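Visitor: give me the fold of what follows.
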Amino acid sequence: MFLRALCAAAAAAVSVWLAFAALAAEPDINTIRQEIQNLKNLYESRIQALEEQLKTLQKKETDRSTKAASAAPATSGRVIRDNAFNPAIGVILNGKYTNFSADDSEIAGFAVGEEGERGREGLGIDESELNFSANADDKFYGHVTTAIVREDGEDKVELEEAYLQTLPGAAVIDGLSLKAGRAFWTLGYLNERHSHEDDFTDRPLPNRVFLNNSYNDDGIQASWVLPTDLYTEIGGGIFRGDDYPFGNGGGNGVEAWSAYARFGGDFGADHAWQLGGSFLSGDSDGRESNEGGVEFVGDSNLFITDFRYVWAPTGNPRQQELTVQGEYFWRFEDGTYEDSDAGTGAVDYDEDDSGWYLQAVYKFLPQWRVGTRYSRLSPANTPNGLDGSALDADGQTPQSWSLMADWTNSEFSRLRIQYSHQELSDDKDDQLILQYILSIGAHGAHQF
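Guide: Now for the predicted structure:
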């Protein structure tokens, strides 16, 4: 129709022009009428031809669509309007080769949990993960992490995290967030991070002996980012008390609680920092070490201070970056210890112990980093009656020093080599560890 109207307008314009021309030249009026009619006939025939071509093309397009639909599988007929309710799925593959010079890896003065032990020697699959996460709606986010581990010669699937968390804007107070379920809770710097995010192949000594690598009990935690110019976050939680350093699945209510505060900010264009303090307290109704036979019953209190400093020399952290971080742990426990392997009965225990680590990692090229870490433990005084037990440090001060270098091809793959020299008891242990970490699928951004 538009084409027809356009042609009619053009014919009218030509008619007007011819009329003026006729007035100027005074030709025969019949000749002018005949020329106008010829123009009308020409445009009518052209419009008709174009309409026929259009009908032909439309028919061919319809035939092709019908043929494709009949040849396609039946499942392709589903109408998928969006994938907002499909969770993001990610897989973390983690493998190692380890070589140790010492047969024994006991840490003098400490009864260590299973996850805090040195690990197996030789080729092996380290902790690999399967992650599911998604926004349930406009107020809640859900996350699940299962870990595949090798224990006692068998592959086992463990539930590491399963929690819901409120999204920004869901709470009445701006900056307030709630998390409930099982999670790596905010406690110092490393605890809330998965092991594949670490800068070294293993956790520092304090995390191993005081938290069995990580504390991920069942519970609820609230956090609040205050509306201040300086980044300020406070929070705390209540927990069942099943996980180390409290019980081994024996919690029957709310047996532990935590509180924390952290601050951070930038100075200049190239520097950032964060400083934090945490407290974890609970009742242990029978914490056992990995060696077996060592049990603690009583109150356990753990204080942690942490800091992290980041410097980008060129102003672009993707090109060059220096990070320095450390944590200090102080634990006070009051109760009874018993080491049946050493032949001790239940002995009153009212002591404190501590430990710390300091590390620096330098990215000197976009894909290459080197780092060093030193960690040290200060065992408690050995109470009378526990001589010869796992808590008897016999004058030893466990310590470890590590060097590492890694190559990151992309944010989804990393290869690492690490050398460690450890003096955990009478024996000295030189360790060589090769590691690969691959991330497949969805991969969340790492925290500061």
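Visitor: residue ranges of each domain in this protein, please.
Guide: As given by automatic domain parsing, the domain ranges for the chain are 2-70, 95-126+170-441.
Visitor: hey, least reliable of those by pLDDT?
Guide: Among those, domain 2-70 carries the lowest mean pLDDT, a mean of 60.
Visitor: redo the domains of the chain as CSV? Include mean neighbour count.
Guide: Any C-beta I mention is one placed from the backbone N, CA and C, and that applies to glycine too. Below are the domains of the chain laid out as CSV (neighbours: other Cβ atoms under 10 Å):
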stretch, mean neighbour count
domain 2-70, 11
domain 95-126+170-441, 18
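Visitor: including distance to V144, could these go into JSON lines?
Guide: Below are these laid out as JSON lines (distance: least, Cβ to Cβ, whole Å):
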{"stretch": "domain 2-70", "distance to V144": "39"}
{"stretch": "domain 95-126+170-441", "distance to V144": "9"}
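Visitor: for Y163, which of those is the nearest?
Guide: Y163 lies closest to domain 95-126+170-441 among those, at 3.1 Å (Cβ to Cβ).
Visitor: what's the end-to-end length of the closest one?
Guide: 18 Å (Cα to Cα, to the nearest Å).
Visitor: do the same with stretch 227-242
Guide: Termini of stretch 227-242 sit 35 Å apart (Cα to Cα).
Visitor: also stretch 392-407?
Guide: End-to-end for stretch 392-407, by Cα to Cα: 41 Å.
Visitor: quick one: contacts of that stretch?
Guide: By Cβ atoms under 8 Å, 6 or more residues apart in numbering, the list of residues contacting stretch 392-407 from outside reads 107-110, 199-201, 204-205, 367-379, 382, 386, 414-426.
Visitor: repeat that for stretch 312-332.
Guide: 188-190, 199, 204, 206-207, 210, 245, 269-271, 300-311, 351-366.
Visitor: which of those fall in helices?
Guide: Within the contacts of stretch 312-332, residues falling in helices by DSSP state H are 206-207, 210.
Visitor: JSON lines for those, including distance to E333?
Guide: Shown next, in JSON lines, are the ones in helices among the contacts of stretch 312-332 (distance: Cβ to Cβ, whole Å):
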{"residue": "P206", "distance to E333": "15"}
{"residue": "N207", "distance to E333": "17"}
{"residue": "F210", "distance to E333": "11"}
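Visitor: what about the nearest residue to D299 once chain neighbours are set aside, which helix or strand?
Guide: Excluding its sequence neighbours, the residue lying closest to D299 (Cβ to Cβ, 6 or more residues apart in numbering) is D334, at 4.9 Å. According to DSSP states H and E, D334 maps onto strand 321-339.
Visitor: who does that strand pair up with?
Guide: Here strand 321-339 is paired, per DSSP bridges, with strand 294-311 (antiparallel), strand 347-365 (antiparallel).
Visitor: how about stretch 153-171: buried residues?
Guide: 160-163, 165-166 (16 or more other Cβ atoms under 10 Å).
Visitor: between the strands paired with strand 321-339, which one is closest to S439.
Guide: strand 347-365 (18.4 Å).
Visitor: quick one on the thing from earlier: out of the ones in helices among the contacts of stretch 312-332, which comes closest to V225?
Guide: Nearest to V225 out of the ones in helices among the contacts of stretch 312-332 is N207 (Cβ to Cβ; 25.3 Å).
Visitor: that closest one touches D198, doesn't it?
Guide: No. Taking contacts as Cβ atoms under 8 Å, N207 lies outside contact range of D198: 9.6 Å.
Visitor: give me the common contacts of those two.
Guide: Residues touching both N207 and D198 (Cβ under 8 Å, 6+ apart): L190.
Visitor: got the phi and psi for the nearest residue to G109 once chain neighbours are set aside?
Guide: Distances taken as Cβ to Cβ, 6+ apart place P379 nearest to G109, at 2.6 Å, with adjacent residues excluded. Backbone torsions of P379, given as degrees, to the nearest 10, read phi -70, psi 160.
Visitor: sheet partners, orientation included, of the strand or helix carrying Q274?
Guide: Here Q274 sits within strand 271-288, counting by DSSP H and E. Strand 271-288 has the following strand partners under DSSP bridges: strand 256-267 (antiparallel), strand 294-311 (antiparallel).
Visitor: could I get those strands as a markdown table with distance to A170?
Guide: Listed next are the strands paired with strand 271-288 as a markdown table, based on distance: least, Cβ to Cβ, whole Å:
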| stretch | distance to A170 |
| --- | --- |
| strand 256-267 | 21 |
| strand 294-311 | 28 |
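Visitor: would you mind measuring from the residue nearest to D299 to A405?
Guide: 44 Å (Cβ to Cβ, to the nearest Å).
Visitor: same check on R373?
Guide: 13 Å.
Visitor: now do P204
Guide: P204 is 18 Å from A405, by Cβ to Cβ.
Visitor: the contacts of stretch 392-407 in helices, which ones?
Guide: For the contacts of stretch 392-407, secondary structure assignment (DSSP H) places L205 in helices.
Visitor: which of the contacts of stretch 392-407 fall in strands?
Guide: 368-378, 414-423 (DSSP state E).
Visitor: in the sheet, which residues pair with the residue nearest to D299? Tell me.
Guide: D299, D350.
Visitor: cool, the one 4 residues further on as well?
Guide: For E338, the beta-bridge assignment (DSSP bridges) gives partners E295.
Visitor: what's the answer for E151, then?
Guide: Beta-bridge partners, per DSSP bridges, of E151: E154.
Visitor: go on, the one 10 residues further on?
Guide: Counting by DSSP bridges, E161 forms beta bridges with T145.
Visitor: alpha carbons of the strand holding Q274, as CSV, please.
Guide: The C-alpha coordinates for strand 271-288 follow below in CSV (Å, rounded to 0.1, in the frame of the first residue of the first chain):
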residue,chain,number,x,y,z
HIS,A,271,47.5,1.0,48.0
ALA,A,272,44.8,-0.8,49.9
TRP,A,273,44.6,-2.4,53.4
GLN,A,274,42.3,-4.3,55.7
LEU,A,275,42.6,-5.0,59.4
GLY,A,276,40.3,-7.3,61.4
GLY,A,277,39.7,-9.0,64.8
SER,A,278,37.6,-12.1,65.5
PHE,A,279,36.6,-14.1,68.5
LEU,A,280,35.2,-17.7,68.6
SER,A,281,34.0,-19.3,71.8
GLY,A,282,32.2,-22.5,72.6
ASP,A,283,31.8,-25.7,74.8
SER,A,284,33.6,-28.9,73.7
ASP,A,285,31.9,-32.1,74.7
GLY,A,286,34.6,-34.3,73.4
ARG,A,287,37.0,-33.0,70.9
GLU,A,288,39.3,-35.7,69.6
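Visitor: can you give the distance of it from its chain's centre?
Guide: Here the centre of strand 271-288 is set off from its chain's centre by 20 Å, with Cα atoms, centre = their mean, to the nearest Å.
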